[in-house]
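1. Give me coordinates for this.
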Amino acid sequence: MNSDNNTLKGSFCQSFNYKVIKRGTDIIFEEATLSLPAPTTQHNTSLSREKEEMGVDLRQVVAGILTITMFVMLGQMLHRDYYDSLQEKAQGDAHDIEFEGSRVSVKDSLVGAVEGSKGPWMDDNNDLNPCWPTLLSDEAVSSKGYVTFSLTNGPEYHISQITDAVMVAKHLGATIVLPDIRGSKPGDERNFEDIYDADKLIKSLKNVIKVVKQLPEEVSLRDMAIVKVPTRVTEDYINENIDPIFKSKGNIRVATYFPSVNLRKSSQDRETDPVACLAMFGSLELQPELNAVVESMVERLRTHSRKSGGRFIAVDLRIDLLEKKHCHSTGVVGSKTCYNAQEIALFLRKLGFAGDTTIYLTQPRWDSSLNILKDIFPKTFTKDAIMPASKKSKYLESESSEYENVIDFYISSRSDVFVPAISGLFYANVVGKRIALGKPQVLVPAEISETSGLATDFISPYISKKNHLAYSCFC
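-> Got it, this is the predicted structure:
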């Protein structure tokens, strides 16, 4: 008897051949042939006497054996199918939740994937290309002063800070000095080259502004005027508010502030400056060693995701931020400002993601409140579980969280699906990076009242409405 996951074949006594096929939930007895050798004339009389003495037709005996055998085979097939399906024990509040839909079943503390779906994955979209190269001039850049600044608060802020500094320097005709990187704790400072590729930045901006790695000795930071600049600074603002100070002082230090973390295009916005596009999407890259760490972590996540073609989900879920934000309703039905681990788990299951889906969390270390997510999706990881052991002392166990934030940002940008459990600038700038990389599957969580939902109904409005600032830079 030969078998695989969906088909059983066999024969008895070289006289009966059969083929049983499983299609979905149906068991089909597709082929059955019985070939008994025809008795010769000499044996007809003796065979008739044997049948009368036995009181049973030989064909009935064979049929009985076959019937019993079929039930045994079907039982084995159903047994194997049952234990091949997902069964993960759920804990906590999930005990009180019961789905009766076609995709998810949660009952008696068991989570089961009823369908064999691999999840509602979307393909990447590489149709967009940078618009700005054709709009930039090759004119030599003159310089008549210096603009300094620092990168602060994490990579989601770094992108905007770089962009605003480049815009200011471009319109003033000034030279930019490579920024330092400052963490949230006093004294937590790093060189630009510790995280980003300095040569890449200098080369990418060479036809726009001049960039130097440090100030000349004759220029003192103490003599510089500090100028506060709103993010997405405009040429009009620079001419009216910054240019007079620059002409007076000769050198300035720029500090970006964020009146809003919204990166939507608006009808009042002018066409995005190609210099801003270049700075935002074409200047910042990780330095080689850190980039290799990120790539190795992404590769390990894909290795865990073989059943789904190497695809994985990144979820921006950080316990400390959830505790600070006190998640509340946004006024839109089923929508909140943030979501906890259980809500994310149920959201993904209702969308049809299978229980063996691989998930990456931005949470720095494992927390017991995440157990419900791992119960439903056992392949859920934080950095500690997938970072190469040789790199942990430098990038994971240091007192600074700057490395961890950068790693989270770039893994979230490269994942096949991104789910922001927390709203904010991290979400907005990850979406921008994903648009640039052609990865549109960003699913904004919501409480789904039905037993299941379509992933396409929860695509980020930044993408579904094409109203992210990035769409001004890619065409």
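
2. Model confidence score at the residue nearest to residue 475 when sequence neighbours are not counted, please.
-> Once flanking residues are discounted, residue 475 sits nearest to residue 131: 4.4 Å by CB to CB, 6 or more residues apart in numbering. Backbone N, C-alpha and C define where each C-beta goes, glycine included. pLDDT for residue 131: 86.

3. how about the helices of the stretch 301-450 of the chain, start to end?
-> 319-325, 341-350, 371-376, 383-386, 392-395, 402-414, 425-437 (DSSP state H, counting those that start in this stretch).

4. and residue 218, what element?
-> Using DSSP states H and E, residue 218 falls within no helix or strand.

5. quick one: residue 216 and residue 151, what's the gap?
-> Separation of residue 216 from residue 151 (CB to CB, to the nearest Å): 22 Å.

6. neighbour-wise, which of those two wins?
-> It is residue 151, of residue 216 and residue 151, that has more neighbours when counted by other CB atoms under 10 Å, with 26 against 9.

7. Below-threshold pLDDT in this protein: ranges please.
-> Where the chain drops to pLDDT under 70, the residues are 1-119, 134-142, 266-271, 326, 328-329, 331, 399.

8. isn't residue 351 right up against residue 441?
-> No - Residue 351 lies out of contact with residue 441 (CB atoms under 8 Å); the separation is 11.0 Å.

9. joint contacts of these two?
-> Common neighbours of residue 351 and residue 441, using CB atoms under 8 Å, 6 or more residues apart in numbering, are residue 455.

10. Just the buried positions in stretch 413-431, please.
-> Across stretch 413-431, burial judged by 16 or more other CB atoms under 10 Å covers 413-423, 425-431.

11. Kindly report the same for stretch 176-194.
-> Under the neighbour-count criterion of 16+ other CB under 10 Å, stretch 176-194 has 176-179, 181-183, 192, 194 buried.

12. same deal with stretch 466-475?
-> Residues 467-474 are the ones in stretch 466-475 that count as buried (16+ other CB under 10 Å).

13. For the closest residue to residue 254 other than its chain neighbours, the count of nearby residues, please.
-> Leaving aside its chain neighbours, residue 254 sits nearest to residue 149 (4.4 Å; criterion: CB to CB, 6+ apart). For residue 149, the count of nearby residues is 25 (other CB under 10 Å).

14. show me what contacts residue 149?
-> Residue 149 is in contact with 161, 165, 176, 179, 253-256, counting by CB under 8 Å, 6+ apart.

15. at 6 Å instead, please
-> 165, 179, 254 (CB atoms under 6 Å, 6 or more residues apart in numbering).

16. Going by distance to residue 288, which of the residues you listed wins?
-> Distance to residue 288, by CB to CB, is smallest for residue 179 among the contacts of residue 149, at 19.5 Å.

17. Next, give phi and psi for the closest one.
-> Main-chain torsions, residue 179, degrees, to the nearest 10: phi -80, psi 160.

18. same thing with residue 465?
-> Per degrees, to the nearest 10, the backbone of residue 465 is at phi -100, psi 0.

19. Quick check: the gap between it and residue 459.
-> Per CB to CB, residue 465 is found 9 Å from residue 459.

20. For the two, indicate the residue with more neighbours.
-> Neighbour count, other CB under 10 Å: between residue 465 and residue 459, residue 459 has more, with 17 against 12.

21. Dig out what the more buried one forms beta bridges with.
-> Taking DSSP bridges as the rule, residue 459 bridges to residue 443.
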